[in-house]
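Asker: Structure here, sequence nowhere to be found:
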């Protein structure tokens, strides 16, 4: 990993298992809704924080459905014969975990173009070590 010039090393203090759960749910959602195309997971190092995002080129989320995306047991396709199976809890779980970690999940989406979900976590920079 190449760090920006102003950061030589950093420390991310978080609950590893909870962070893994969030990332797993983001990847699972991207896979579920991308039958063909790309999925990208990115870690971007910013001043005093890291930004983690998951992007896909899948079906996207229409404007009407975007309001409920983090609600428990809600799905864009709520019909009994829906194409995409699941409980409707994945992004709701991510939302709750990230609140516990002092963050928030955000997303951008366009129908038939895909979705990007992202969040940030604070980091502490270490001073460069003297040899």
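Answerer: Great, that's in hand. If you're wondering where the values come from, they're calculated on a predicted model, not measured in any experiment.
Asker: quick one, strands of the chain?
Answerer: 10-11, 39-46, 49-56, 106-110, 114-122, 124-125 (DSSP state E).
Asker: Identify whichever of the ones you listed lies nearest to residue 100.
Answerer: strand 114-122 (11.8 Å; C-beta to C-beta). For the C-beta atoms, the positions are set from N, CA and C on the backbone; glycine is no exception.
Asker: which outside residues touch the closest one?
Answerer: Contacts with strand 114-122, where a contact means C-beta atoms under 8 Å, 6 or more residues apart in numbering, come from 12-14, 19, 22, 26, 29-30, 33-34, 37, 46, 48-61, 91, 94, 98, 101-109.
Asker: Need the buried ones from those selected in PyMOL.
Answerer: For the buried members of the contacts of strand 114-122, the matching PyMOL selection, counting by 16 or more other C-beta atoms under 10 Å, is:
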select buried, resi 14+19+22+26+29+30+33+34+49+50+52+53+54+55+56+57+58+59+60+61+91+94+98+101+103+105+107+109
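Asker: average pLDDT for the longest helix belonging to the chain?
Answerer: Longest helix in the chain by number of residues (criterion: DSSP state H): helix 16-32. Mean per-residue pLDDT for helix 16-32: 92.
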